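[1] Below are the sequence and a predicted model for it; my questions follow.
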Amino acid sequence: MIDKTSSQTVPFTDVGSDFMKLVTFVDNEKSTLVDFTATDFASLRTALLNYIKLVYPLDYNNFVESDLGLMLAELVAYMGTVMSMKADMLAHENFLQTAKDRDSVRKLFQLVGVSMKGPTSAQATANLSIEGETGTLDEDLVIPTANRVITVTSPQDQQPLNFTLYKATNGIVPNLTNTNADIVFDQTNWVGDSSSTWEAVMLEGAFATQTGTFSNVGVAQSIILNEAPVIQNSVQVFVSGVNSTTSGAYRQVENIYQASSTNDKIFQVVYLDNYKAKLVFGDGSNGKSPTPNSSYIVTYRVGGGTRGNVPNAFINSILEGATYNASPSSLRVTQSQMSTGGSEAETVAHAKKYGPLSFKQQDRLVSLEDYTSFASNYVGPAGSVAKAVASTRKAFSSANIIDIFVLEKATDTQLQKASISFKNGLLTAIEPKKMVTDDVVISDGLIRTLDLIITAHVDRSLQGLEKSIVANVSQSVREYFMSDALDFGDSIIFADLMKTVFGIPEVRFAEINNFDENITVGFNEVIQLNNLVVNINYV
């Protein structure tokens, strides 16, 4: 093929080097001279100048830095660089491995029926006593629905923080579905002295109720909840209408397309922007579809997140109760342990790790990977989540026994022993999905706490900025030990930890003072940061 820019009479020359040579290009051939591979500023600038030299050799030839024409060419190259970068960013958001934006990851998972988890609520046990009551009670104590919410000021952001009161037995709430009802405490548990209390559980979040009527257009029905953020596993739906087969309580499932039959009264919660929630119902083929024009009542809780993790005895409030004869009583609510379990919505990193495994699992549990994925994505009755790992036993006679080691999430950086209610709920959820021959045992994972002493070497010119540098180093180290970052059996490679510290501009060098070698753990152990001391050394 003949190069149109080459000279046909003078060898070893072309228009690119001899741009004053008169060569005429028709408009439909000019595009052949454009370098479409240029994406960065330098290559775009070079390609643009070469194009000008080839196509317009007599119109512009003053290629000096101070010329206005060159400035305009560089401005166009800059705009092209920005557009190229944005095109790359948009392309990256279309693939799970390269996507960074939470909404992009959420929408990619929705294509395959996997939902990202919303915020979870903190919980704590509490003791209830009647203020000033010394005698015995002749009636049960009733707390009306309107008085079940306790409001305090969050120590994290100084904003109102709501806790909902539930009746408990041995720390377990037997019925979490009574969100919109009065709760009753038995008079026989009150003996009339200073030690008389009722046990209760407080779940972070405030009540919200939404009523309405389903549309008469379309087959698949849906409801968008008005208030946000909606706490994970707090939504309850009751439908009433002329058709008794579609009326009644509906239960929440992970994916409506995994319904066991067309008669399942189920719904799926899909989180939208700003953690608002959309309730998606069956279409008649996958679960029941509510009858058009039938009415619904949706109750749920609003709140969630780490702001609900308050210290022990932080809540000490008075609320009004009532006996059956409607005489008011002042009740003292005292928090008896630290509030834990509150965490933000599922992170992008966690979703990328377990989302594909959930899709691969296909609503059944066969391999150890299936059990690990299911337990790590399971949301407990009170909305808490956990980290898990599954293993089989080595003995020949017990190869079908699956041990699942779990640790419940206390905060975004701390794990804790899983509660009995969480373990019971997990076993119940596993039962219909596991292989018939498998026996599942839920066990507590082990936490190995770690104390670190780190010395950061900084320049002497930064004296007086110690607090800022220590805070940055501490934050970098704690992010490395986030509960979603380390899995069961993960070793601590101090070289990788130090890389995160070296990324701080003020730090020239850093070292760990109390460990000489990396730390390894067993398959059912997780390393958790306990105490951290950061020293500053000037060089």
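    Good, I have the coordinates.
[2] Show me the chain divided up by domain.
    Following automatic domain parsing, one gets these domains for the chain: 27-92, 123-205+306-335, 207-302, 362-444, 447-538.
[3] Off-centre distance for the last one?
    Computed by Cα atoms, centre = their mean, to the nearest Å, the chain-centroid distance of domain 447-538 equals 24 Å.
[4] Now do the helices in this structure.
    Counting by DSSP state H, one finds helices in the chain at the ranges 27-30, 41-55, 68-92, 102-110, 348-361, 368-377, 420-430, 466-480, 494-502.
[5] how about these, which one is nearest Gly284?
    helix 102-110 (21.0 Å; Cβ to Cβ). C-betas here are computed from N, CA, C, even on glycine.
[6] Can you name every helix or strand that the closest one contacts?
    In terms of contacts (3 or more Cβ pairs under 8 Å, 6 or more residues apart in numbering; DSSP states H and E), helix 102-110 is packed against helix 348-361.
[7] list the buried ones in the helix it packs on?
    Judged by neighbour count (16 or more other Cβ atoms under 10 Å), helix 348-361 contains these buried residues: Val348, His350, Ala351, Tyr354, Gly355, Pro356, Leu357, Ser358, Phe359, Gln361.
[8] what angle separates it from helix 368-377?
    130 degrees (axes from the mean of the first three to the mean of the last three Cα atoms, to 10 degrees).
[9] Which other helices and strands does helix 348-361 contact?
    helix 102-110, helix 368-377.
[10] Of the helices of the chain, flag the one that's most buried.
    Comparing these on average neighbours per residue, with mean count of other Cβ atoms under 10 Å, the densest one is helix 368-377 at a mean of 22.
[11] follow-up on the earlier one: now the domains of the chain in TSV, with distance to Phe109 and mean pLDDT?
    Listed next are those as TSV, based on distance: least, Cβ to Cβ, whole Å; pLDDT from 0 to 100:
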stretch	distance to Phe109	mean pLDDT
domain 27-92	16	87
domain 123-205+306-335	23	76
domain 207-302	10	86
domain 362-444	12	89
domain 447-538	17	91
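[12] pretty sure Gly329 contacts Asp140?
    One correction, residue 329 is Ser, not Gly. No - if you go by Cβ atoms under 8 Å, Ser329 and Asp140 don't touch, sitting 11.6 Å apart.
[13] Which residue lies nearest the spatial centre of this protein?
    Geometric centre of the chain, nearest residue: Glu346, 1.1 Å, by Cα atoms, centre = their mean.
[14] Name all residues that make contact with it.
    Neighbouring residues of Glu346 by Cβ atoms under 8 Å, 6 or more residues apart in numbering: Met116, Lys117, Gly118.
[15] ok, the second one - how many residues close by?
    Same thing as Lys117. For Lys117, the neighbour count with other Cβ atoms under 10 Å is 21.
[16] Quick check: phi and psi at it.
    In terms of degrees, to the nearest 10, the main-chain angles of Lys117 are phi -80, psi 150.
[17] Could you report the pLDDT at it?
    According to the prediction, Lys117 has pLDDT 85.
[18] hang on, Ser84 packs against Asp40?
    Yes - Ser84 lies in contact with Asp40 (Cβ under 8 Å); the separation is 7.5 Å.
[19] Would you mind naming the residues that bridge with the closest residue to Ala249 other than its chain neighbours?
    Leaving out its chain neighbours, the residue that sits closest to Ala249 by Cβ to Cβ, 6 or more residues apart in numbering is Phe238, at 5.3 Å. Per DSSP bridges, the residues bridged to Phe238 are Ala249, Ile297.
[20] Spit out the contact partners of Phe238.
    Gly248, Ala249, Tyr250, Tyr296, Ile297.
[21] Also Asp103?
    Residues in contact with Asp103, defined by Cβ under 8 Å, 6+ apart, are Asp273.
[22] mind checking how far it is from Leu58?
    For Asp103, the distance to Leu58 (Cβ to Cβ, to the nearest Å) stands at 52 Å.
[23] what does Val501 give?
    Taking Cβ to Cβ as the measure, Val501 falls 59 Å from Leu58.
[24] Likewise for Ala249?
    82 Å.
[25] now do Thr262
    Going from Thr262 to Leu58 by Cβ to Cβ gives 77 Å.
[26] isn't Asp459 right next to Val539, touching?
    Yes - judged on Cβ under 8 Å, Asp459 makes contact with Val539 at a distance of 6.7 Å.
[27] okay, those two: which has more neighbours?
    With neighbours defined as other Cβ under 10 Å, Asp459 and Val539 compare such that Asp459 has more, 11 against 8.
[28] Okay, and the beta partners of Ile401?
    Asp439.
[29] Correct me if wrong: it contacts Ser443.
    No - Ile401 is not in contact with Ser443 according to Cβ under 8 Å; the separation is 11.1 Å.
[30] What is the neighbour count of the nearest residue in space to Asn518 that is not next to it in sequence?
    Nearest residue to Asn518, sequence neighbours excluded (Cβ to Cβ, 6+ apart): Ile493, at 5.3 Å. Around Ile493 there are 12 other residues, counting by other Cβ under 10 Å.
[31] List phi and psi for Ile493.
    Main-chain torsions, Ile493, degrees, to the nearest 10: phi -100, psi 110.
[32] Looks like Ile308 contacts Pro119 (just checking).
    Just to correct that, residue 308 is Gly rather than Ile. No - contact between Gly308 and Pro119 fails when scored by Cβ under 8 Å: they sit 9.3 Å apart.
[33] Residues that sit against both of the two, list them.
    Common contacts of Gly308 and Pro119, defined by Cβ under 8 Å, 6+ apart, comprise Gly342.
[34] Next up, the contacts around the closest residue to Val389 other than its chain neighbours.
    Nearest residue to Val389, sequence neighbours excluded (Cβ to Cβ, 6+ apart): Phe488, at 3.9 Å. Contacts here follow Cβ under 8 Å, 6+ apart; on that basis Phe488 touches Lys387, Ala388, Val389, Phe405, Gly445, Phe523, Asn524, Glu525, Val526.
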